[in-house]
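Undergrad: pasting the sequence and the predicted coordinates here, then a few questions.
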Number of protein chains: 2
Amino acid sequence: MRNIKMTIEYDGGRYLGWQRLGDSDKTIQGKIENILSAMTGTEIEIIGSGRTDAGTHARGQVANFKTTSKMDLTAMQDHLIRYLPRDIVVKELEEVPERFHARYHAAGKTYSYHVWNNVVPSAFERHYSYHYPGHLDIDRMNEACSKLVGAHDFLGFSSLKKSKKSTIRTINDITIQQEGNLLHFAFTGEGFLYNMVRIMMGTILEIGAGTMEPEYIDAIIKSGIRSEAGMTVPSHGLFLDAVYYD
Amino acid sequence: MRNIKMTIEYDGGRYLGWQRLGDSDKTIQGKIENILSAMTGTEIEIIGSGRTDAGTHARGQVANFKTTSKMDLTAMQDHLIRYLPRDIVVKELEEVPERFHARYHAAGKTYSYHVWNNVVPSAFERHYSYHYPGHLDIDRMNEACSKLVGAHDFLGFSSLKKSKKSTIRTINDITIQQEGNLLHFAFTGEGFLYNMVRIMMGTILEIGAGTMEPEYIDAIIKSGIRSEAGMTVPSHGLFLDAVYYD
């Protein structure tokens, strides 16, 4: 069996998220599987590096699938580009060893979150950033980010109920870049819990706005209580930028 | 009468263009006029710096309107932002002398055109750039641009039939910037004929692709024959960036 790794970009605005939901044609996984299955004449299942939420975008989602098809990779990519809707683009295909698994072998990911920080909204960024009109203090937000970096129990920053599995995750780096009115937050870590980036982001914004102190981060890590953290910011500002493999 | 100058940003994707068409709700001018008329209780007509085509975007369209309303500018802008659809944003309002006329007094404009130059399309740039997959030679395109700069008869680069009015226009500057796969062409001039930027752009692309020689520019300027120039590139890659007043 050939094992093929795909790197995928998508505008998540029209979709219910990555993961296939029955026969629904409203998921990224579903769209790609339908085209691959028709192309190869056999039912194809693709394994994503992880789910993305409804409305969330990706610049570098990774998935793999197995097939006996002999089609060459360029022809396969051309076919996918031609038949997928224009908001899903397979950027790269690569032949990988049969044991490669896009989820189990993912060693890290970078997510980014975009905030449009001006009283006046943006006509062009409206689908790709969260509009936050109030003042944000970058120094305070950087202080919050530095407290999140490291290996911590992130249960309080997730939408999980108390789980039997470990909720300890390692964040390697959080950066903030400013480009005019656009703030670009990048989170790199070994793994993330459900809604973790969006809840960390909501908390960072409250700290930047002055309604929460940076020290709350330590307290939420300690307590694990979701309601002490900030809001879950909207999914349309979130991008899965990259998935790393060793 | 107060005279108010507006700077407007819009994503033209859903609209039939700037200019009001009867009662249609599908033009930028119509949308803004309807809200200003309801806000002030009198019929307001806005004067734009010029039309933009169906599908064309703006980062800095300028218009003005007269009103006896005493509403302050901040409240007026808040009202416009609240009631306009999110793809039309009034970025700035300014009180100007009563004689100011957004069209007659426009001394220059900058348009930009975006080309996504890669075999693989972009999920995010699909509404805001023209996808051109082939090789483009930047040096040849720069040579073409330098031939377009200056005062010339641009009849051959317009969709006008032979007109009694002068078709001589002055282009001050054309620049090409590359940002990854995105090529950003900026055209600054005192004025532009109908479809002139899109036809110049189509011609520059043919020269970049090697299917036309840079010297053709001189010949088209001399002959004034539209069919000798390149295609009219699609409107969704075009942005009206700025309008200048003395």
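TA: Noted; the coordinates are in hand.

Undergrad: list the buried residues for stretch A:217-228?
TA: For stretch A:217-228, the neighbour count (16 or more other C-beta atoms under 10 Å in any protein chain shown) marks A:217, A:220-221, A:224, A:226 as buried. Heads up, the C-betas are built off the backbone N, CA and C, glycines and all.

Undergrad: again with stretch A:32-41
TA: Buried residues in stretch A:32-41 (16+ other C-beta under 10 Å): A:32-37, A:39-40.

Undergrad: kindly report the same for stretch A:226-246.
TA: Under 16+ other C-beta under 10 Å, the buried positions of stretch A:226-246 are A:226, A:229-230, A:232-243.

Undergrad: and what of stretch A:67-87?
TA: A:67, A:76-77, A:79-81, A:84-85, A:87.

Undergrad: what about the residues you listed, which are in strands?
TA: Judged by DSSP state E, the buried residues of stretch A:67-87 include residue A:67 as members of strands.

Undergrad: between the buried residues of stretch A:67-87, which is closest to chain B?
TA: Nearest to chain B out of the buried residues of stretch A:67-87 is residue A:87 (C-beta to the nearest C-beta; 5.2 Å).

Undergrad: which residue, neighbours along the chain excluded, lies closest to the closest one?
TA: Sequence neighbours aside, residue A:11 is the residue nearest to residue A:87 in space, at 4.1 Å (criterion: C-beta to C-beta, 6 or more residues apart in numbering or on different chains).

Undergrad: my guess is residue A:28 contacts residue A:9. True?
TA: No: taking C-beta atoms under 8 Å as the definition, residue A:28 is not a contact partner of residue A:9, at 10.3 Å.

Undergrad: okay, and the common contacts of the two?
TA: A:58, A:61, A:88 (C-beta atoms under 8 Å, 6 or more residues apart in numbering or on different chains).

Undergrad: which among those are in contact with chain B?
TA: residue A:88 (C-beta under 8 Å from any C-beta of the partner chain).

Undergrad: for chain B, what are the nearby residues on chain A?
TA: Residues of chain A lying near chain B (C-beta under 8 Å from any C-beta): A:9-11, A:57, A:59, A:77, A:81, A:86-91, A:120-124, A:126, A:128.

Undergrad: filter those down to the ones in strands?
TA: Using DSSP E, these in strands are A:9-10, A:57, A:59, A:88-91.

Undergrad: need the shared contacts of residue A:28 and residue A:9 in TSV (columns: pLDDT, distance to residue A:170 and neighbour count).
TA: Putting these into TSV (pLDDT from 0 to 100; distance: C-beta to C-beta, whole Å; neighbours: other C-beta atoms under 10 Å in any protein chain shown) gives the following:
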residue	pLDDT	distance to residue A:170	neighbour count
A:58	98	22	27
A:61	98	21	30
A:88	98	31	22
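
Undergrad: nearest to residue B:136 among the shared contacts of residue A:28 and residue A:9?
TA: Of all the shared contacts of residue A:28 and residue A:9, residue B:136 sits closest to residue A:88, with 25.7 Å by C-beta to C-beta.

Undergrad: would you mind measuring from the residue sitting furthest away from the middle of chain A to chain B?
TA: Taking C-alpha atoms, centre = their mean, the residue of chain A most remote from its mean C-alpha position is residue A:70, at 31.9 Å. Separation of residue A:70 from chain B (C-beta to the nearest C-beta, to the nearest Å) stands at 22 Å.

Undergrad: quick one, helices of chain A?
TA: A:28-40, A:73-83, A:138-148, A:196-209, A:216-223 (DSSP state H).

Undergrad: quick one: the shortest one to helix A:138-148, angle?
TA: Looking back up the chat, that one is helix A:216-223. Put simply, helix A:216-223 runs at 20 degrees to helix A:138-148, going by axes from the mean of the first three to the mean of the last three C-alpha atoms, to 10 degrees.

Undergrad: relative orientation of helix A:216-223 and helix A:196-209 in degrees?
TA: 140 degrees.
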